Each structure stands twice: as C-alpha cells, then as structure tokens.
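Colleague: Model the following, please.
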Amino acid sequence: EVTQKSGRAVSTDAASVIAPSFDTPIIGWKGRWANTLRLWSAQPLHGFDLARFNRGEYAAAAEPEALARTISRVLYPDDTTGQGKELRLKQEYFFTAASLRDILRRFEAEGGALADLPKKAAIQLNDTHPAIAGPELVRLLHDERGMALDEAIATARGCLSYTNHTLMPEALERWSEDLMSQLLPRHMQLIERIDEAHAAEMPGRRVTLRENGEVKMGEIAFTMAHKVNGVSALHTDLMKETVFADLHRLHPDRIVNETNGVTPRRWLLSANPRLSRLITETIGEGWVDDLEQLDRLEASISDPGFLDAYAKAKRENKQDFAEWLAAEQGVRVDPEALFDVQIKRIHEYKRQHLNILETVALWREIKANPGAGWVPRVKIFAGKAAPGYVFAKEIIHLINDVAEVLNADPVTSPYLKVLFLPNYNVSLAERLIPAADLSEQISTAGKEASGTGNMKFALNGAPTIGTLDGANVEIRDRVGARNFFLFGMTAQEVEARRAVPDHARQAIQADPRLGGALKAISQGAFSPSDKHRYRGVVANLTGQDYFLVCSDFTAYWDAQRRAEAAFADPAVWHRGAACNTARAGWFSSDRTIRGYMTDIWGTVPLAAE
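Modeller: So this is what the prediction gives:
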C-alpha cells in the first residue's frame, strides 16, 4: 500500500527482508587492480519464531525465514506459473534494490551532491532483468530524498545505460500490471509518471511503456537509459529496425554498438597453454595484454614448421580431452576424428535440432554405404535449457536417444559418434574449446545477438560452420571467407521465407535426406519403447517451423561436406585454423570495455602504477 506522508509517497504493510552482502575480490591481470564482486542474500528481519514453535505451530515458526531465503535460493526458477512469475519479479527487484541502495550509500558517504550522481555512478542494465532499476532509482531520489520528479528521472537516466543481448521476446520481459501493482505498487505509479514525462518530452510519439495490461520492461529500460547498446553490428542494426524501431526514431542518437569480446587471459592463455606457448615463442608475450598483436602470426602461417607445431598443439589437446572423457564419462573417442562441437544454451533459435537432424541423415548415409571413405567425426553437444522450456528439453532428450543408437551401431560408430555432455559449465568449456576442430554457430539468421562461444572457438583455432548471424558476420569478415563454412539464409531472406506458405513441406520434399531423417525420428528409430515420443518435435518441424530448420537443412548438409573435405587435407585445415587464431584478436573483451568507456560511460583508464 502506498500512502502520503509530508508530501512524499511511503510504502506501508510491505514485506521486508534484509540484504547482507557477500564480497569476492576479483584480482586483475598481474594483480595491479582488484574489483569487488558483491552478491546479495535475502534474509528475514526476524528469524525462527520460538514462541510459535512452542505453541505447536512448527511450520509457521519457520515460514518468514523460508519465504525470505527463497528469494535468493535459486535464481530464476521456472516462471510458467503465477507463483514462479511473482518470485522472479521479487528476485529482480531484490537484487536491483539492494545494489542501488548500496551505490547511493557509498556516494553519499563521500558527501557529493545528488545531482552529481551520474558523474560517479555508471550502472549497466544487463538485458531487462534489472530494468526495474529505472523506477527504483527514481523512487529513491524522489520519494526518499525529495528530489523533484523530473530531476530524479534525468539523474537516474544519466546513471543508467542498457545492454540488449537478444531480440527474443522472453528476454524483453513483460509483467502484468496487476502483478506489478500488487507487488510493487509505488513502482507502478512511477512507471505511469515516467510514461507521462516521456510523452511530454516527445509530443505525438507512438511508444508507451504499457500495452494490453502489461508493463514493457524493454521500453522502460530504453526510456530510462542515456545509452542503449547492441552486442554485434548486425544485432544493433536489427534493434533499430525491429524491437526498438519507434524508440530509435524518437531518440536516434541513443543506440550504439559494442560488439562482444572474450578475455584472452582465460580463454587462451589459461585454457590453452600449448597454443599460448607457441604464440609467445613466435611473436613474444605482448599479445596477452594486447590481443590484436595476434595479427603478427600472419607471417608464420605459410611456414610449415609453425603449422606443424600448431597442429601438434591441437592434437595433444584432443588427446587430453579424449582421456578425460574416458576417465570421467566412460566414453572412448578417437582423437584423430573431427571434433564437431555445439555448446550453448539449448534453444530453438540456436537450432541444436538442425544439427541432430543432419547427424541422423549422415548416419543413414553411412549405414547405406559404409565403404565410401567417410571422415570420422565426433558430434559433441552440451548446454542447459530454461526450467520451463519443454521443447528445448525434448531436443536434449532426442540428442541423447540418437546418441544411444548411433554409438552402439557397429557399422557406423567407427565413423560417427554423438555425445551430450552433462552439466555444461565454464570448467568443461575450458577443456573442450581448445580440443574442438569445428565450431557450430548455426542459429536462424537475425536471432542471435552476438555469441561469445564463436569467438572462443575461433581464437583457439576451430573454424566456424555458421550462418550470417550475430558476431558470425564480423568473425567471417576478419578470419576470411575461405576459413569459415558459411551456409543458410540471411536475416532478410529468413523473413521472406517465413511468408512462403508451406515452406517446411517444400524443403522436405526437395531433400530426401531430410525427409528420411524426419521419418526415422517419427517412426521411433531412436525411441523404440515409445515410438511417438518425438511427435511434437516432428510436428513442429513439418508444420510452422518458425526457425526454418528444414529450409536451411540442405545448405547445412553441403557446408558439412565442405568442412569434411577440408579436414581430410591436413595442410588446408591447419592453415585455416591458424588463420582463425591470427585474425581473431579484435574479439577481445579489452577492446569491448574500451568501447563502453568511450561511448557509454564517458570515462578513461586509470594509469597503472
């Protein structure tokens, strides 16, 4: 409930929790700097109620503590239920509110004027999950500190900037006005005031922060930020043309691009010591601080001795990974095989089901003609699905069922194995990426914002098989078209293809390999105990097929054969892999952060002492 006291809005009858901080020092490269990672835990104002317990109210005695701790116990659980949605919004508010209070506490301890807050605090919103920061910071400035509303909005906007990481609707959150009004009534009021203030700034505008009874968090994040950035050149252009087209017309200078990068200290120096030593022996150690120095490797790419050493490092990395697989997973693979890797969040737009469909089709081809000189291949998948994403979990199930059949097939298993590695995390990625030969970046064009796995693979000498999506576009431009296995439609072609009636059926009829793979799945070849297990997957692909798996299948098949032909010629393959390493230096997080500093935060580096 929101009441007025002394001309200020005050929330009453609110559920309150304490947010103690837990700090982890993050030591910079060579120990010259240290930052603090501050995390928050939700704890109750009052702990275990012994009096209620003694009265026999055992569950009720612990209820306040349990409810408070639930907020930070599991981040972003399944939100397909009303209770899940409420918990998610509570979590987003809790972490955001604790961080903003802490920022203001530290700022005010130094005695600065509130109007100068944007000079001292740069708050980067990571997608829309912390978008409530706009209304919350306005509330802290206006309600609690008495700043005029217009000034509070302007001050908050000066501190806030917003990184959009995806064009997918689920990341551009919408909350029902009923839930927002029930859980955060004062914030709902402030959202309405911010909406009105924005309308006054832009007369005749068409953009609102609310629509059809929902609060649009993407629009709130955009409106309350002084800068909005995409994370690849293509993604930033698509932001301007699609999800934020109207806001971009109103604020044409607000959207900027900062293409993602990865840290060379973790993803090359630490994860791949063999390749790192070779690089340092060839060009010196300056590349660790300045990754773009990798371009000095170009002079060595034509040197057979360098390429032999490069190939040796990759071969030994693959041997290490094969030994780890045997010890930890009980799976044996041939290190001489092509390690074909797709590791990322499981999602329809990332199209792991395109990969497994092609795998099934390849299995059928090998089985029909096992003596055709096939290049041995190990297909490696890993990743996690959102808790409530049923279709993504079906894809995981299908991959595992296909793996069980293919790996036990005595005819085809010498040429084709499939693995789905459990519990994908950074530690597993650090083992796998240096051992990978081929990087799968096969999302439907126009859907992937950037990707960073694609950069890590390229840096470690795994050429990409991929679409012109996200940062793939920039990777291909830099490593060279000869060293990138391109396939599939462009973002513009994707939109045109979706408008074609029955496009999936046409694609299936045009390629018997695709039709055969779908038929094998639908008839239970990989689920003999439940022949209809994948009825939904097949119906999706043969029906709407929104992510155009069928339409891109033939081009993907052809690109895979080009990759096999290149892998079969070691000189060609290792040269292409080395070109990826030598030309991937631009994809450093150092370069990305310098862009944020210059274009968004308006700051300069501190001189290292």
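Colleague: ok, the nearest residue to residue 449 once chain neighbours are set aside - how many residues close by?
Modeller: Using CB to CB, 6 or more residues apart in numbering and skipping residues adjacent in sequence, the residue nearest residue 449 is residue 235, 4.3 Å away. (Glycine included, C-beta is placed from N, CA and C.) By other CB atoms under 10 Å, the residues close to residue 235 number 28.
Colleague: confidence score at residue 235?
Modeller: Residue 235 carries a pLDDT value of 96.
Colleague: What residues does it make contact with?
Modeller: By CB atoms under 8 Å, 6 or more residues apart in numbering, residue 235 lies in contact with 164, 167, 257, 448, 449, 450, 470.
Colleague: From residue 361, how far off is the second one?
Modeller: Distance of residue 167 to residue 361, computed by CB to CB, to the nearest Å: 30 Å.
Colleague: who has more neighbours, those two?
Modeller: Looking at residue 167 and residue 361 with other CB under 10 Å, you find the greater number of neighbours at residue 361, namely 23 against 20.
Colleague: what's the next secondary structure element after the host helix or strand of the more buried one?
Modeller: Using DSSP states H and E, residue 361 falls within helix 352-368. Next helix or strand after helix 352-368 toward the C-terminus (DSSP H and E): strand 377-382.
Colleague: what's the closest of the contacts of residue 235 to residue 190?
Modeller: residue 164 (22.3 Å; CB to CB).
Colleague: Spatially nearest residue to the residue most central in space within the chain (excluding sequence neighbours)?
Modeller: Centroid check for the chain by CA atoms, centre = their mean gives residue 451 as the closest residue, at 6.4 Å. If the residues on either side of it in the chain are set aside, residue 451 comes closest to residue 470, at 4.8 Å by CB to CB, 6+ apart.
Colleague: Of the contacts of residue 235, which belong to strands?
Modeller: residue 257 (DSSP state E).
Colleague: what's the span of stretch 418-433 from first residue to last?
Modeller: End-to-end distance of stretch 418-433 (CA to CA, to the nearest Å): 17 Å.
Colleague: Go ahead and name everything in contact with that stretch.
Modeller: 266-267, 270-272, 320-321, 324-325, 329, 331, 333, 341, 343, 356, 359, 378-384, 396, 399-400, 402-403, 406-407, 453, 456-457, 460, 462.
Colleague: change it to 6 Å
Modeller: Outside of stretch 418-433, the residues within contact range by CB atoms under 6 Å, 6 or more residues apart in numbering are 271, 321, 379-383, 399-400, 402-403, 406, 456-457, 460.
Colleague: Roughly how far does the residue nearest to residue 449 sit from residue 338?
Modeller: Distance of residue 235 to residue 338, given as CB to CB: 30 Å.
Colleague: got it, and residue 349?
Modeller: 25 Å.
Colleague: quick one, which of the two is more surrounded?
Modeller: residue 338 (21 against 18).
Colleague: pLDDT score assigned to the residue nearest to residue 451?
Modeller: 96.
Colleague: Now do the contacts for it.
Modeller: 232, 448, 449, 450, 451.
Colleague: Need phi/psi at it.
Modeller: Residue 470 has phi and psi values of phi 50, psi -140 when expressed as degrees, to the nearest 10.
Colleague: Now do the helix holding residue 361 against strand 377-382, angle only.
Modeller: For helix 352-368 against strand 377-382, the angle by axes from the mean of the first three to the mean of the last three CA atoms, to 10 degrees is 160 degrees.
Colleague: what's helix 352-368 packed up against?
Modeller: helix 390-407, helix 512-522, helix 549-567 (3 or more CB pairs under 6 Å, 6 or more residues apart in numbering; DSSP states H and E).
Colleague: I'd like those written out as CSV, with mean neighbour count added.
Modeller: Below are the helices and strands packed on helix 352-368 laid out as CSV (neighbours: other CB atoms under 10 Å):
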stretch, mean neighbour count
helix 390-407, 19
helix 512-522, 19
helix 549-567, 20
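Colleague: could you pull out the helices for the stretch 1-150 of the chain?
Modeller: Using DSSP state H, counting those that start in this stretch, the helices of the stretch 1-150 of the chain run over 50-54, 58-73, 82-109, 117-120, 133-139, 149-159.
Colleague: Now the third one: buried residues?
Modeller: Looking back up the chat, that one is helix 82-109. Neighbour counts using 16 or more other CB atoms under 10 Å place 85, 87-100, 103-104, 107 of helix 82-109 among the buried residues.
Colleague: burial of residue 210, as a residue count?
Modeller: Neighbour number of residue 210 under other CB under 10 Å is 17.
Colleague: State the distance from it to residue 60.
Modeller: Counting by CB to CB, the gap from residue 210 to residue 60 is 38 Å.
Colleague: Same question for residue 294.
Modeller: Per CB to CB, residue 294 is found 62 Å from residue 60.
Colleague: Just want to know which of the two has more residues nearby.
Modeller: Remark: of residue 294 and residue 60, residue 294 carries more neighbours, 22 against 12, as counted by other CB under 10 Å.
Colleague: contacting residues around that one?
Modeller: By CB under 6 Å, 6+ apart, the neighbours of residue 294 are 287, 582, 585.
Colleague: helix/strand/coil for the last one?
Modeller: Put plainly, it is residue 585. Judged by DSSP: H, G, I helix; E, B strand; the rest coil, the three-state class of residue 585 is coil.
Colleague: Tell me which residues touch it, please.
Modeller: 291, 292, 294, 295.
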